[in-house]
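Chemist: Below are the sequence and a predicted model for it; my questions follow.
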Amino acid sequence: MTRRNRQPKILLTGCSGQVGHELRRSLQGIGEVIAVDRSSMDLANLDQVRDVIRAERPQLIVNPAAYTAVDKAETEPALAHRINAEAPAVMAEEAKVLGAALVHYSTDYVFSGQDGGARVETDPVGPLNVYGASKLAGEQAIAASGVPHLIFRTSWVYGMRGKNFLLTMLRLAKERDELRIVSDQHGAPTWSRTIADSTALVLAQAGQGGAGWWEANSGIYHLSSQGETTWFGFTQAILEEAGIACKLVPITTEEYPVPAKRPQFSVLSSERLQERFVRLPHWREALRLCLE
């Protein structure tokens, strides 16, 4: 049997999104990647999710697809819950029937972030908004299914495609003389490629770890860049690295009202992931690499 034949079939959802796009590249050495996007597997259509999984019969499902419009979710709670909770539950159920494993991505917004300190995986959760609640429900459904799984909670995701804070700031800084940026919410910006490459390194270990690997390692892991900053500090760094001059004015959360409440402090401790599997870069170094 050739090495190619031994490689697992990986069903990758959301392949046109910022994390999914990077995963499509990073997973190439791990297995045969079947990449689907919303046009061929819409997570809002649970029957279609089942049909695709049953047709492809993957050994591994990697699910970065999600409803990520945090503010819009406040007016579309049912849709957010279907995509972020019910669809992952279906994936877990189908994967278990196939004897497959599931990799899923969650968020720092499962925490209330009312006080300081980096959150660890076992800290109490308490989402403040519909998006966070829907992602937490997805985590819980996967864990309850009993399927072998890895849930990676990440934070402040950005990249050079899609809709994200980095691209918005680069555009606005060229259009305006002054930007007013929230300076009292703390977190760790995480490059989509960091997420994808770290996932691939963990799955490479899984492939070499034998039958007991998933039983020993299933669970939740925090996967976000090292260090911490604020949205204001992140913007300062973006403009410095990009060589763009624009006046920045720090403001409070109260001065920038939005429909969905955000945690004030949502730094994630990734020590568990780093001790077991892979080192993660400092957020500033990852930003520099992304903009290069």
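Modeler: Right, received. Where do you want to start?

Chemist: Let me see the contact set for residue 149.
Modeler: Listed by Cβ atoms under 8 Å, 6 or more residues apart in numbering, the contact set of residue 149 reads 92, 101, 102, 103, 104, 142, 143, 214, 218, 219. For every residue, glycine as well, the C-beta is placed using N, CA and C.

Chemist: okay if I get those as TSV plus distance to residue 270 and secondary structure?
Modeler: Formatted as TSV, the contacts of residue 149 follow (distance: Cβ to Cβ, whole Å; DSSP: H, G, I helix; E, B strand; the rest coil):
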residue	distance to residue 270	secondary structure
92	24	helix
101	21	strand
102	20	strand
103	16	strand
104	17	strand
142	20	helix
143	19	helix
214	20	helix
218	18	coil
219	14	strand
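
Chemist: For the residues you listed, please prepare TSV with the additional fields neighbour count and pLDDT.
Modeler: TSV is the format used below for the contacts of residue 149 (neighbours: other Cβ atoms under 10 Å; pLDDT from 0 to 100):
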residue	neighbour count	pLDDT
92	26	98
101	24	97
102	26	98
103	23	98
104	27	98
142	27	98
143	15	97
214	17	96
218	17	97
219	11	97
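
Chemist: which residue ranges form the strands in the stretch 101-250 of the chain?
Modeler: Secondary structure of the stretch 101-250 of the chain (DSSP state E, counting those that start in this stretch): strands at 101-107, 149-154, 157-158, 178-182, 186-187, 190-191, 219-222, 229-230, 247-251.

Chemist: what's the most buried one of those?
Modeler: Neighbour counts (mean count of other Cβ atoms under 10 Å) averaged over each of these peak at strand 190-191, with a mean of 28.

Chemist: avg pLDDT for that one?
Modeler: Strand 190-191 shows a mean pLDDT of 98.

Chemist: quick one on the thing from earlier: can I get the strands of the stretch 101-250 of the chain in CSV with distance to residue 68?
Modeler: Formatted as CSV, these follow (distance: least, Cβ to Cβ, whole Å):
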stretch, distance to residue 68
strand 101-107, 9
strand 149-154, 12
strand 157-158, 8
strand 178-182, 18
strand 186-187, 15
strand 190-191, 14
strand 219-222, 18
strand 229-230, 21
strand 247-251, 24
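
Chemist: Nearest to residue 134, out of these?
Modeler: Of all the strands of the stretch 101-250 of the chain, strand 101-107 sits nearest to residue 134, with 9.6 Å by Cβ to Cβ.

Chemist: Can you dump the C-alpha atoms of the closest one in CSV for me?
Modeler: Only the C-alpha atoms of strand 101-107 are listed here, as CSV (Å, rounded to 0.1, in the frame of the first residue of the first chain):
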residue,chain,number,x,y,z
ALA,A,101,-12.7,12.4,14.3
LEU,A,102,-13.8,16.1,14.4
VAL,A,103,-11.7,19.3,14.6
HIS,A,104,-13.8,22.4,15.4
TYR,A,105,-13.0,26.0,16.2
SER,A,106,-14.5,28.2,18.9
THR,A,107,-13.9,31.6,20.4
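
Chemist: any idea how far the closest residue to residue 206 other than its chain neighbours is from residue 10?
Modeler: Computed as Cβ to Cβ, 6 or more residues apart in numbering, the closest residue to residue 206 that is not its neighbour in sequence is residue 213, at 5.1 Å. As judged by Cβ to Cβ, to the nearest Å, residue 213 and residue 10 stand 16 Å apart.

Chemist: Then residue 27?
Modeler: If you go by Cβ to Cβ, the gap between residue 27 and residue 10 works out to 6 Å.

Chemist: ditto for residue 144
Modeler: The value you get for residue 144 to residue 10, if Cβ to Cβ is used, is 24 Å.
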